[in-house]
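**Q** prediction below, plus the sequence it came from.
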Amino acid sequence: MARIYTAQETFQQPGLPPVTKTLLVLNVLIFVAFNLLGFAGGQKGDLYNWLSLQPGDFFRPWQLLTHAFLHGGFGHILFNMFALWMFGAAVEQVFGWLKFLLFYLLCALGGGLAYWLLWPVAPAVGASGALYGVLTAFGLLFPDALVFLYFVPIKGKYLVIVFFAMELLLGVTGTQSGVAHFAHLGGLVTAYLFMAITTRSIPGLSAFRRDRIMPTEPTLVVPPTRSVPTADELPRREPEPVVEEARIVRETPRAEIDRILAKIASDGMTALTSTERELLLSATKR
């Protein structure tokens, strides 16, 4: 019926998570016990009737939950387990095993209660109520995941709307007998309420916003044309005063300089004393 075609948001973890795997094995074992091994004798026996969801005086409270682990035929369980395998793993990986187990059982309970209250025309069995809840959670968690529905690709968020409208129409008109459409609707509504309570928001509201979809290519951020401020934009600062070290220059009389020069002319530089050298050096720097 349906096949996940591509979903960038879904997980790629190998194998099935524990609750999904356990539910698959448990449903198959119960089906084999009742349908192939003749468990409890007769035509499935009194135990089967005791666990299936019965209308009227035959109703028992536990049947709201136990009916979800029984199936009427091979096609029934094949379709349901295929849906559980396809959608349940992704939802459980998001929820975690404990939350997913609680979610699955509540959807089964909600589906059974909706059928028993709105359309209890015959005994009901099957995990469809719980699986419609799982489908709803998948569509809300992965709204842009593509699913092939009868070879037609459709996004998860639209798949939930299509199934809700279809089950509501078939349930109200009663055009498809032998199918508990209100159980499907009950599981779907229970899943939506569960998501609303646990997330404290309106599930699916952001799924239809265009800006929610992540771009496939990285966003290019172009820096502004003038990223470095100009000199005029910088805060003005007063120039710091430059303190120059005072240089004391000893004033040397002109006659003294002439005497030193005459001494150099007659005796050479080697004849000068250290004091005379300093005086001559100071005079040349003025």
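**A** On my side now, so go ahead. Residues are numbered from 1 along each chain as shown.
**Q** show me what contacts the residue nearest to residue 71 when sequence neighbours are not counted?
**A** Closest residue to residue 71 apart from its sequence neighbours, by Cβ to Cβ, 6 or more residues apart in numbering: residue 77 at 3.9 Å. Heads up, the C-betas are built off the backbone N, CA and C, glycines and all. Shown in contact with residue 77 (Cβ atoms under 8 Å, 6 or more residues apart in numbering): 27-28, 31, 71.
**Q** ok, now how distant is residue 77 from residue 197?
**A** 31 Å (Cβ to Cβ, to the nearest Å).
**Q** now do the helices in the stretch 1-150 of the chain.
**A** 18-31, 45-51, 63-66, 74-83, 89-95, 97-118, 128-141 (DSSP state H, counting those that start in this stretch).
**Q** mean pLDDT and distance to residue 163 for those - can I get that in JSON lines?
**A** Compiled in JSON lines, those are given as follows (pLDDT from 0 to 100; distance: least, Cβ to Cβ, whole Å):
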{"stretch": "helix 18-31", "mean pLDDT": "96", "distance to residue 163": "20"}
{"stretch": "helix 45-51", "mean pLDDT": "83", "distance to residue 163": "27"}
{"stretch": "helix 63-66", "mean pLDDT": "96", "distance to residue 163": "22"}
{"stretch": "helix 74-83", "mean pLDDT": "93", "distance to residue 163": "11"}
{"stretch": "helix 89-95", "mean pLDDT": "95", "distance to residue 163": "15"}
{"stretch": "helix 97-118", "mean pLDDT": "96", "distance to residue 163": "13"}
{"stretch": "helix 128-141", "mean pLDDT": "95", "distance to residue 163": "7"}
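**Q** deepest-packed of those helices, please.
**A** helix 128-141 (a mean of 28; mean count of other Cβ atoms under 10 Å).
**Q** what mean pLDDT does stretch 261-281 have?
**A** Averaged across stretch 261-281, pLDDT comes to 74.
**Q** any stretches of the stretch 101-250 of the chain with poor pLDDT?
**A** Low-confidence segments of the stretch 101-250 of the chain (pLDDT under 70): 175-177, 204-250.
**Q** in it, which spans are strands?
**A** 146-149, 152-155 (DSSP state E, counting those that start in this stretch).
**Q** tell me which of these is the most buried.
**A** strand 146-149 (a mean of 18).
**Q** which helices and strands sit right next to that one?
**A** strand 2-6, strand 152-155, helix 156-173 (3 or more Cβ pairs under 8 Å, 6 or more residues apart in numbering; DSSP states H and E).
**Q** give me the sheet partners of it and which way each runs.
**A** If you go by DSSP bridges, strand 146-149 pairs up with strand 2-6 (antiparallel), strand 152-155 (antiparallel).
**Q** can you give me how far the last one is from the chain middle?
**A** What that stands for is strand 152-155. 21 Å (Cα atoms, centre = their mean, to the nearest Å).
**Q** send the alpha carbons of it over as CSV?
**A** Extracted in CSV, the C-alpha atoms of strand 152-155 (Å, rounded to 0.1, in the frame of the first residue of the first chain):
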residue,chain,number,x,y,z
VAL,A,152,1.8,8.0,-5.8
PRO,A,153,4.4,10.0,-3.8
ILE,A,154,2.8,12.1,-1.0
LYS,A,155,4.3,14.0,1.9
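**Q** what's that strand in contact with?
**A** So strand 152-155 is contacted by 5, 143-148, 162 (Cβ under 8 Å, 6+ apart).
**Q** ok, now stretch 190-203?
**A** Residues contacting stretch 190-203 (Cβ under 8 Å, 6+ apart): 99, 103, 106-107, 109-111, 129, 132-134, 136-137, 140, 204.
**Q** that older thread, any chance of the strands of the stretch 101-250 of the chain in CSV with distance to residue 189 as columns?
**A** As requested, the strands of the stretch 101-250 of the chain are exported to CSV (distance: least, Cβ to Cβ, whole Å):
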stretch, distance to residue 189
strand 146-149, 21
strand 152-155, 21
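**Q** no further questions, thank you.
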